[in-house]
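Trainee: I would like the atomic coordinates for the input below:
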Amino acid sequence: MPGQRWEVEIPVAAESRELSQLRPRAAPSNTSGAIYISVTHATAVAAGASGGRNARPPDVVVVVLDCVRAGSFPGTGGPEGAFPVLEAIRDECTVFTHASTVAPWTLPSHASLFTGRYPWEHGVLGEGRLQYESSLPTVAGALREAGYATLGLSANGLLYPLFASAGSYEQFRCAEWWEKSFRWIRPESLDRATATRPRNGRNALAIVARGSLPGHDRTPSLSYLRREEATGSLPDAIRSTRPEEVALGRTAGTLAWAGLDLSNRLARVFRTPDDPHPLPIAPWIEPTFAAWLAGQSPERPIHCFVNFLDAHEKYLSDAALVRGLGDWGKFVRIPQNPRLWLEGDWSPSPDELALLRRLYEATIDRLSRRVEGLISALKAAGRWENTLLIVTSDHGQAFGEEGELFHERSPIEPLLHIPLWVRWPRGFEAPRVRTDRVSVIDIAATVLVAAHMENPFPNSGVPLQTVPAEPREPPVLAMADGYPTIENYRKRLDGDLLRRLQRSYGVAYHVGVKAIVGVQNGDIRTFRVGSGSESASVPGSGTDAATARATDAARDVAELLRRAAEGTMDSSVEDRLRSWGYL
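Mentor: Here you go, the predicted model:
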């Protein structure tokens, strides 16, 4: 809407708390207390950077490195040189050093990335409806309507319901449930009926038996791309991507894990003898992208979303880190089983945690090469110069920090602080480093502006092409909403542990302060970001205006999560969605 600006604000008056306001209106003369982002101005800047409004919009590629945390990534705490493909083009990128995700697990983070909305707006909540509001507009849908060819490729099968919803990607493909475990088997080596069999023990044996035989590809990679628009159940997606637990006992479980790791390790020796890293998950992603790209008209802009899963647990042994038989014997005794850890039946030692973290960080080198494969395809197609490339993560990973392991249930920084690198199209001048607080929800607004869309759909993000004045209003928000895979463990965990795992938290960041508010008990913790432990409030952090603002915003999030868990909705949110035609 030319001449209109989007106001995003969360009023926090204690007497009458209206939650999560987002509405279009003319910018008032006095803008104190809120930031007004001029979409038309940002769009004009983006259009000028790529040769004017009549030039073809840039190609857009968004890459999510699933589970990669900022602290292990270059530019935000990780070792320099850890991701060489991006560091080689660093002069063309902006590195955002304080980027946050909205939740410490996959589904709400991706739904926010696709819609530019917070989880309590799009509905993907572990302790709530866990139901994606598919009527909400998405980046992929908006770009399709604008003439883009769109493609979604994911090594994480959890994304199927989001990909398959109406108004999402024109074509998409998600990894099958078995691909993370049986990495030596490529779906293309199977007939499609076998490759897509539902998850159970008998089908697993059939896939291993057929896929381990030598032979040529039976199914072209592009034939796996889907086009149908369907509804998908998010709880079913969670169950389908989690291996069923069988009561084997500790010894039998160790032997089963050893057999799986050994099979993958031997396959790696025969397939890539000079590469010590484990085989990649879903290796079809890069060739599928290249083949799809080659079939697109050069005049038509493209948008592709890619999820790489290599940094996700369980971690296979890496020959560069687990060298001899003795090291390997110690490695396979590490269960990497969240349930055993939750029940207290596995307490990883410092040495075990250190090894798991080294294995995790070794995957970042593999991921660099995979992103390099995407860039090579763009260069081969003559599209690289006019490509907006965004590399980020959906959440981080913990290895003992604050007593946490892996991810899903905690609001600590190793899980919420994510890397974000943006490589701009030709001609766009931007700072090399941004230290202001940004969010994964800003990616949708950024893409829409880059695509020269004057009339983007309403969203809660701020285009990264603009540098908003400090402090950002409203604060950047997040949550940790219980343990989303609790359904997998419900029958095997006692009541007290279940109640502890289902605790939820509202989170807000404001001017260097992080506030966490418990949904169930209202407990408040505040910290200076980067000050150290998050187990208790930092002394003196609760006395200034920034802390008060962050606390109020985190309390708002906690209230929204409480209402969602009770099956109720804030009337102001419901009225807003209805006014836009979404309800």
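Trainee: Show me the shaky parts of the stretch 401-550 of the chain.
Mentor: Applying pLDDT under 70 to the stretch 401-550 of the chain flags the ranges 455, 483-492, 531-543.
Trainee: could you pull out the strands for it?
Mentor: 405-406, 417-418, 420-423, 433-439, 476-481, 504-510, 513-518, 524-528 (DSSP state E, counting those that start in this stretch).
Trainee: tell me the most buried of the ones you listed?
Mentor: Most buried of the strands of the stretch 401-550 of the chain by mean neighbour count (mean count of other Cβ atoms under 10 Å) is strand 476-481; its value is a mean of 28. (C-beta placed from N, C-alpha, C; glycine too.)
Trainee: For that strand, name the packing helices and strands.
Mentor: helix 119-122, strand 433-439, strand 504-510, helix 545-565 (3 or more Cβ pairs under 8 Å, 6 or more residues apart in numbering; DSSP states H and E).
Trainee: Let me have the ones you listed in a markdown table, extended by distance to P338.
Mentor: Listed next are the helices and strands packed on strand 476-481 as a markdown table, based on distance: least, Cβ to Cβ, whole Å:
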| stretch | distance to P338 |
| --- | --- |
| helix 119-122 | 22 |
| strand 433-439 | 27 |
| strand 504-510 | 18 |
| helix 545-565 | 22 |
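Trainee: among the ones you listed, which is nearest P463?
Mentor: The closest of the helices and strands packed on strand 476-481 to P463 is strand 433-439. By Cβ to Cβ, the value is 10.3 Å.
Trainee: can I have that closest one written out in PDB, keeping just the CAs?
Mentor: C-alpha atoms of strand 433-439 as PDB (Å, rounded to 0.1, in the frame of the first residue of the first chain):
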ATOM      1  CA  VAL A 433      28.700  -6.400  10.500                       C
ATOM      2  CA  ARG A 434      25.400  -5.600  12.300                       C
ATOM      3  CA  THR A 435      25.400  -5.800  16.100                       C
ATOM      4  CA  ASP A 436      21.700  -4.800  16.600                       C
ATOM      5  CA  ARG A 437      19.300  -7.500  17.800                       C
ATOM      6  CA  VAL A 438      17.400  -9.200  14.900                       C
ATOM      7  CA  SER A 439      15.200 -12.200  14.600                       C
END
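Trainee: What average pLDDT does stretch 116-129 get?
Mentor: Confidence over stretch 116-129 (mean pLDDT, whole number) is 82.
Trainee: Could I get the buried residue list for that stretch?
Mentor: By 16 or more other Cβ atoms under 10 Å, the buried positions in stretch 116-129 come out as 116-128.
Trainee: related to what we said a few turns ago, select, out of the helices and strands packed on strand 476-481, the one closest to I334.
Mentor: Nearest to I334, of all those, is strand 504-510, at 28.8 Å by Cβ to Cβ.
Trainee: who does the closest one pair up with?
Mentor: Using DSSP bridges, the strands paired with strand 504-510 are strand 476-481 (antiparallel), strand 513-518 (antiparallel).
Trainee: tell me how far the helix or strand hosting W341 is from the chain's mean position?
Mentor: In this structure, W341 is located in helix 338-343 according to DSSP states H and E. Centroid separation between helix 338-343 and its chain, computed with Cα atoms, centre = their mean, to the nearest Å, is 24 Å.
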